[in-house]
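Enquirer: structure of the sequence below:
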Amino acid sequence: MDLFGVSVTLLATFTGFGLLIGILFGFFGMGGSFLVTPALLVMGYEPNVAVGSGLAFVFGTSVIATLKHRDLGQVDYKLGVLMIAGTTAGIEVGKVGLEYLQHIGLAGSVVSVAYVLLLGGIGAFVTRESLKGGDGGGLEHDVDEDTDVDEDDIPEIAQKIQSYRIPPMMSLRGGFQVSLWMILAVAFATGLLSGFLGVGGGFIRMPALFYLIGVPVPVAVGTDLFEIVFSGGIGSFLYAQSGAVDLSIVVPLLAGSALGARLGAAATSLVEEEDIKIYFGIMLLLGAVAVAVRQVGGVLEMPVLDSVSLAIILGAALLVSGAVSYSAVRELRRDAAERSVTAEA
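Expert: I've put the predicted structure just below:
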């Protein structure tokens, strides 16, 4: 059975996939094109359609998730604008480096290895730091603009960067100040990696905002999503001009993610911060394995490994989104039980 010339089964599949990715996108501030584009490629769509439709989906989902984070007070607009400026400059320089590698014929192998190492490295670092932090290092769930962040909750690297008092100093959400030049330097570095690897960079920016600048994790997610609204919007517009955005893909994906993104964003105010970082690290580690499998398949000319890679990506998305949903429900039940005990007392 078809609807508007598209299989109902395919529409249902895209809607379910959109719900799954929306939860991850709203919860982590990343995961859209990282998951959608490879899936569309394996399904047989042309590369430009896969990338263009993925960007359009990222744009729509980031708008939905950002609005929810705004309602929760988890978006630092001032920091977001500064990060956009620095990231844009870094992307341009990264593209120059990528074009040089393409010129000498090393782009494919270097980018593939760098992508796997970066995904795996960030995932391992975040997971290790979170497990090491235990239960005593988490910030409060709700981030109020007038609430100061305890210095013990700020990573050592971020404390070092905050110690460079080079004017002008910028006051950020959480009650601390960071030099404008330090923010731009971090933004430029993340943009450089994004431009070099040809990725949106959400999996780079979110941990950078926390570990390098010291922004609370929920605010780091919300601010990263705010940035993605602009990058995804520009990218999808450019691809749409060349007819590479397939609405039969984008619309059902967005229908599912409209709910998923709000659920994921709401979960950041419920789930323990250490749990957020652990889930994020696991997602990146599994992503690194998936990318590595796909690259090995290309080298060995074994197309079946593309399907294995996709299965790993989908399995990781299902596993982590399920864990996020379970943790959020558990916290809601715990809060309800505590309120019930308080009312009875």
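Enquirer: any low-confidence regions in this structure?
Expert: In the predicted model, the chain carries pLDDT under 70 at residues 1-6, 30-35, 38, 42, 108, 133-152, 198-201, 345.
Enquirer: show me where it has helices.
Expert: For the chain, the helices defined by DSSP state H occupy 8-28, 32-42, 47-71, 77-103, 107-133, 156-162, 180-197, 202-208, 217-241, 247-267, 273-300, 304-344.
Enquirer: which of these sits closest to Ser171?
Expert: Proximity to Ser171, assessed across the helices of the chain by CB to CB, is greatest for helix 77-103 (8.2 Å). Every C-beta, even on glycine, is put in place using the N, C-alpha and C of the backbone.
Enquirer: just the buried residues of that closest one, please?
Expert: The neighbour-count check on helix 77-103 (16 or more other CB atoms under 10 Å) flags 79-80, 82-84, 86-91, 94-95, 98 as buried.
Enquirer: now render these as a markdown table, adding distance to Ala311.
Expert: Putting the buried residues of helix 77-103 into a markdown table (distance: CB to CB, whole Å) gives the following:
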| residue | distance to Ala311 |
| --- | --- |
| Leu79 | 37 |
| Gly80 | 35 |
| Leu82 | 40 |
| Met83 | 34 |
| Ile84 | 35 |
| Gly86 | 37 |
| Thr87 | 32 |
| Thr88 | 35 |
| Ala89 | 38 |
| Gly90 | 34 |
| Ile91 | 31 |
| Gly94 | 31 |
| Lys95 | 32 |
| Leu98 | 29 |
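Enquirer: out of those, flag the one nearest to Pro155.
Expert: Nearest to Pro155 among these, counting by CB to CB, is Leu79 at 16.4 Å.
Enquirer: distance of that closest one relative to Glu344?
Expert: 43 Å (CB to CB, to the nearest Å).
Enquirer: again, but for Lys132
Expert: Where Glu344 is concerned, Lys132 sits at a distance of 38 Å (CB to CB).
Enquirer: more crowded one of the two?
Expert: Just comparing Lys132 and Glu344: by other CB atoms under 10 Å the higher neighbour count belongs to Lys132, 9 against 6.
Enquirer: just the C-alphas of stretch 111-119, formatted as CSV.
Expert: Presented in CSV, the C-alpha positions along stretch 111-119 are these (Å, rounded to 0.1, in the frame of the first residue of the first chain):
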residue,chain,number,x,y,z
VAL,A,111,39.9,11.2,7.4
SER,A,112,38.7,7.7,8.0
VAL,A,113,41.4,6.9,10.5
ALA,A,114,41.0,10.3,12.2
TYR,A,115,37.3,10.0,12.4
VAL,A,116,37.5,6.6,14.1
LEU,A,117,40.2,7.7,16.5
LEU,A,118,38.4,10.9,17.4
LEU,A,119,35.0,9.1,18.0
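Enquirer: what comes up buried for it?
Expert: Val111, Ser112, Tyr115, Val116, Leu118, Leu119.
Enquirer: the second one against Val291, yeah?
Expert: This means Ser112. Yes - using CB atoms under 8 Å, Ser112 is in contact with Val291, at 7.4 Å.
Enquirer: tell me the contacts of Met302?
Expert: Val296 (CB atoms under 8 Å, 6 or more residues apart in numbering).
Enquirer: sorry, back to before: closest to Phe28 among the buried residues of stretch 111-119?
Expert: Leu119 (13.2 Å).
Enquirer: can you tell me, leaving aside adjacent residues, what's nearest to that closest one?
Expert: Once flanking residues are discounted, Leu119 sits nearest to Ala288: 3.8 Å by CB to CB, 6 or more residues apart in numbering.
Enquirer: run a quick neighbour tally on the one you found.
Expert: 21.
Enquirer: residue contacts, it?
Expert: By CB under 8 Å, 6+ apart, the residues touching Ala288 are Val116, Leu117, Leu119, Gly120, Gly123.
Enquirer: and which of these is nearest to Leu55?
Expert: Here the nearest of the contacts of Ala288 to Leu55, counting by CB to CB, is Leu119; it sits at 19.7 Å.
Enquirer: so how far is Phe125 from the closest one?
Expert: Taken as CB to CB, the span from Leu119 to Phe125 is 11 Å.
Enquirer: kindly report the same for Leu180.
Expert: Counting by CB to CB, the gap from Leu180 to Phe125 is 26 Å.
Enquirer: cool, and Ala65?
Expert: Distance, Ala65 to Phe125, by CB to CB: 25 Å.
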